[in-house]
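> Generate a structure from the sequence data that follows.
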Amino acid sequence: MTRHLLLLLLLRRLVPAALLVLLAASPVPADEHWHDLQEAVREGKIVPLPEILDWLEARYAGQVLEVELERDDGRSVYEVEMLGPQGQVVEFEFDAASGELIGMEGVNINGMRREGREQ
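Got it, this is the predicted structure:
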């Protein structure tokens with residue numbers, strides 16, 4: 001297996017655990033949040049995180065540093081922070097309901113773009 005594939009497999013195992021840690025810090029019991037998230041994915045209300053990560057991996061080179069699922073003006077948003085090959089840090093924002101990329105912030109984002117792939 002390539003190093004990149006191993007990293008992706010590792011992230012797919014670690015990201016749900018990281019979400020649990022984030023949820024545990026909130027005032028509502030983590031079990032309720034986790035159940036609500038699983039239910040939202042099952043019902044198609046939010047896109048599963050692996051789909052977002054697959055989309056990013058296909059279009060941008062880098063390593064995922066952090067993933068958050070937040071509410072922003074009443075809508076659920078995935079925020080994915082990545083470290084690019086030239087040391088740049090870029091945050092990608094996705095509408096969690098549709099999976100659509102809604103924003104990017106950072107320096108030299110084009111330096112992370114994989115050749116032949118559009119946004």
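
> what helices or strands is whichever helix or strand Leu53 is part of leaning on?
Per DSSP states H and E: Leu53 is located in helix 49-59. The contact analysis (3 or more C-beta pairs under 8 Å, 6 or more residues apart in numbering; DSSP states H and E) places helix 49-59 against helix 3-24, strand 63-72, strand 75-83. Any C-beta I mention is one placed from the backbone N, CA and C, and that applies to glycine too.

> Sort out which residues of that helix are buried, please.
Of the residues in helix 49-59, those buried by neighbour count under the rule 16 or more other C-beta atoms under 10 Å are Leu49, Ile52, Leu53, Trp55, Leu56, Glu57, Arg59.

> Is it correct that the second one is in contact with Glu79?
No. The pair Ile52 and Glu79 does not pass the contact test of C-beta atoms under 8 Å, sitting 10.3 Å apart.

> can you name the two of the buried residues of helix 49-59 that are farthest apart?
Greatest spacing in the buried residues of helix 49-59, by C-beta to C-beta: Leu49 and Arg59 (16.2 Å).

> Measure how buried Gly99 is and give me the count.
14 (other C-beta atoms under 10 Å).

> Per-residue pLDDT of Ala18, please?
Per-residue pLDDT puts Ala18 at 48.

> Give me the distance between Trp55 and Arg71.
Distance, Trp55 to Arg71, by C-beta to C-beta, to the nearest Å: 21 Å.

> Same question for Asp36.
Taken as C-beta to C-beta, the span from Asp36 to Arg71 is 12 Å.

> And these two? Which one has more around it.
Asp36 (13 against 9).

> State the distance from that one to Leu69.
11 Å.

> Equivalent analysis for Val77, please.
In this structure, Val77 and Leu69 are separated by 7 Å, where distance is defined by C-beta to C-beta.

> so what's in contact with the two at the same time?
Common neighbours of Val77 and Leu69 (criterion: C-beta atoms under 8 Å, 6 or more residues apart in numbering): Ala96.
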